[in-house]
Every structure is written in structure tokens, then in C-alpha cells.
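Peer 1: sharing a model prediction with you, sequence too.
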Amino acid sequence: MSELQLWLLGLVATALPALLCWLASLPLRDVSIVDRAWSLLFVSAALCYAWFGHATAARMVLTLVPLLLWALRLALHITVRNWGHGEDRRYQQIRRNHEPGFAFKSLYMVFGLQALLAWIISLPLLAALVDQRPPGWQVIPGLALWLAGFLIETIADEQLRRFRADPANPGAVMERGLWRYSRHPNYFGECCLWWGFYLLALAAGAWWAIVSPLLMTVLLLRVSGVTLLEQDIGERRPAYRDYVARTSAFVLRPPRMAP
């Protein structure tokens, strides 16, 4: 089986769990459950690549172990965070904008789109898993960048969880820990770990997989990440405007001094 054929098979591997997730969303009237399944779509694709691409044991350890750690942690985090809160307000707005018939439309507007994006972004996983050569020192930068991104994302999520759980912070702006250096350190960590996966693919000679981290970076910055979350947050929380003025939107860096 060629790499192209294997990649196309990966589309089936992301589409099937997305379809099951859509079916589950119908009685719940909650399409935001797709966020809980998002990272697991990559696991489905990667397992497909490993099985049908006859990945070596070393390649599976180097690629699947980091992927599973990221995917399971993120899925658990989002599930616990959203449990009992119903459909996310962003999806509620999408639902209102596309009624009547949103239940069916969400199949391709939400779940199909997520499956397609996960399939494209999974390119580095394909490249890293099908390489039959023994891994060399070239994989070290990729693993190091992945680990840095994973730790940043995990720490940032936990810091925000504790902040929100504190009854003394209703409506307050989180600007402690990593959030002092970036308004979205969790997204920055996510971006770093996908560039780490790309470096693993690059070590296998797959420079063309760069479309994956580029797409993920655009999504995090301009589509479903920073831009979407900050559309109206300044109106809902006026103190956030001051936070924006002194704090980097994405990359971790020291806060700017007040004028």
C-alpha cells in the first residue's frame, strides 16, 4: 500500500468515529461533544497508519506514545471541564445561525469538518510511522519540542482549572503562572507539540508534512482559537482589555510595562 493510499485510508479512520460522535450528539442536542473526541480522531488515524503501514516497534513507541499521552489527557481534560454544562455557547450560536435542520447540517458543518481537519493534520504521524529505518539522533529535537509543548499545555490547563474552581475569582481575569506571559499558553503549547510531531516527520524525510503544523497554527491563532475566544471577551470582562494591552496573545514572553 502506498503512502497516499494509506493516508486516504486515514480519512476513513477519522470519519467513522466522527460519525459515531454525531449520532451521539442527536439525542443530547449537544454538538460540542466533538471537542471531547477531537484528539481521539488522531489516535484512530495513527493506529490505522501503524497497522496497515507495518510500523516498526521503535517508530510506534516514538510516535504513538507521545500521541496517546496528548490525546488522552486532552480528551479527559475537556470532558471533565465541560461535564454537566450542556452545549458550549459557541456551538449554540452556530446552531441558532443554521436552524432549521441543524441536527443534520452539523454532520458536515461540525463533525465532518473536524474529521477532515484531523486527517490533514495527521500527516506527520503518517510519515513518522511508515519510515522503516531505525530512528537516529534526528528525532531528539522533535521529541524535545513535543515534550515542551505538552508540559506547557498541561500546566496552563491545570492553572486555569484551579483558578476557575476558586470561588474568590468569579469574573476575574486569569493572569498568574504561565497566563502572565501569554493570554493563551495552552494553545501555544498545543502549537509547539505539533511542530514537534512535524520534526519527527522531517527526520523521516517528509518535509511535505509541514502543511500539518502550519494548518494547526492558523487554526489556533485565527479560526477556533485566539481570535474566536477573544471576539467579545473584552465586552463581557472589561478588565481583560488591560490584560490584552500588556500580555502576549500567544508566544510566552514577559508582559509589557504599562505606559
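Peer 2: That came through fine.
Peer 1: switch to C-alpha atoms for all contacts and neighbour counts from now on
Peer 2: Fine.
Peer 1: how near is residue 94 to residue 101?
Peer 2: 12 Å (C-alpha to C-alpha, to the nearest Å).
Peer 1: who has more neighbours, those two?
Peer 2: Taking neighbours as other C-alpha atoms under 10 Å, residue 94 and residue 101 compare with residue 94 leading, 15 against 9.
Peer 1: can you tell me the helix or strand for the more buried one?
Peer 2: helix 89-97 (DSSP states H and E).
Peer 1: tell me the mean pLDDT over that helix?
Peer 2: The average pLDDT within helix 89-97 is 88.
Peer 1: with just CA atoms, put that helix into CSV.
Peer 2: What follows is helix 89-97, C-alpha atoms only, in CSV (Å, rounded to 0.1, in the frame of the first residue of the first chain):
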residue,chain,number,x,y,z
ARG,A,89,-22.1,28.8,23.8
ARG,A,90,-20.0,29.0,20.6
TYR,A,91,-21.9,25.9,19.2
GLN,A,92,-25.2,27.3,20.5
GLN,A,93,-24.6,30.4,18.3
ILE,A,94,-23.8,28.1,15.3
ARG,A,95,-27.0,26.2,16.0
ARG,A,96,-29.1,29.4,16.0
ASN,A,97,-27.5,30.6,12.8
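Peer 1: where does the prediction get shaky in this structure?
Peer 2: Residue ranges of the chain with pLDDT under 70: 225, 228, 231-238, 258-259.
Peer 1: walk me through the domains of it.
Peer 2: For the chain, automatic domain parsing gives the domain ranges 1-133, 136-259.
Peer 1: so how far is the shortest one from its chain's centroid?
Peer 2: Between the centre of domain 136-259 and the centre of its chain there are 11 Å (C-alpha atoms, centre = their mean, to the nearest Å).
Peer 1: hang on, residue 160 packs against residue 174?
Peer 2: Yes. Counting by C-alpha atoms under 8 Å, residue 174 is a contact partner of residue 160 at 7.1 Å.
Peer 1: now residue 36: which helix or strand?
Peer 2: Judged by DSSP H and E, residue 36 forms part of helix 33-52.
Peer 1: so which bits of that helix are buried?
Peer 2: Buried residues in helix 33-52, counted by 16 or more other C-alpha atoms under 10 Å: 33-50.
Peer 1: same question for stretch 66-79.
Peer 2: Buried positions in stretch 66-79, judged by neighbour count with 16+ other C-alpha under 10 Å: 66-68, 70-71, 74-75, 77-78.
Peer 1: for stretch 89-103, same thing?
Peer 2: Within stretch 89-103, the residues that count as buried by 16+ other C-alpha under 10 Å are 95, 102-103.
Peer 1: just the residues you listed now: which is nearest residue 242?
Peer 2: Using C-alpha to C-alpha, residue 95 comes nearest to residue 242 of those, at 32.2 Å.
Peer 1: which residues sit in contact with that closest one?
Peer 2: Neighbour list for residue 95: residue 102 [criterion: C-alpha atoms under 8 Å, 6 or more residues apart in numbering].
Peer 1: at 10 Å instead, please
Peer 2: Residue 95 is in contact with 29-31, 87, 89, 101-103, 105-106, counting by C-alpha atoms under 10 Å, 6 or more residues apart in numbering.
Peer 1: residue 151 is in contact with residue 69, correct?
Peer 2: No. With contact defined as C-alpha atoms under 10 Å, residue 69 does not reach residue 151; the gap is 11.1 Å.
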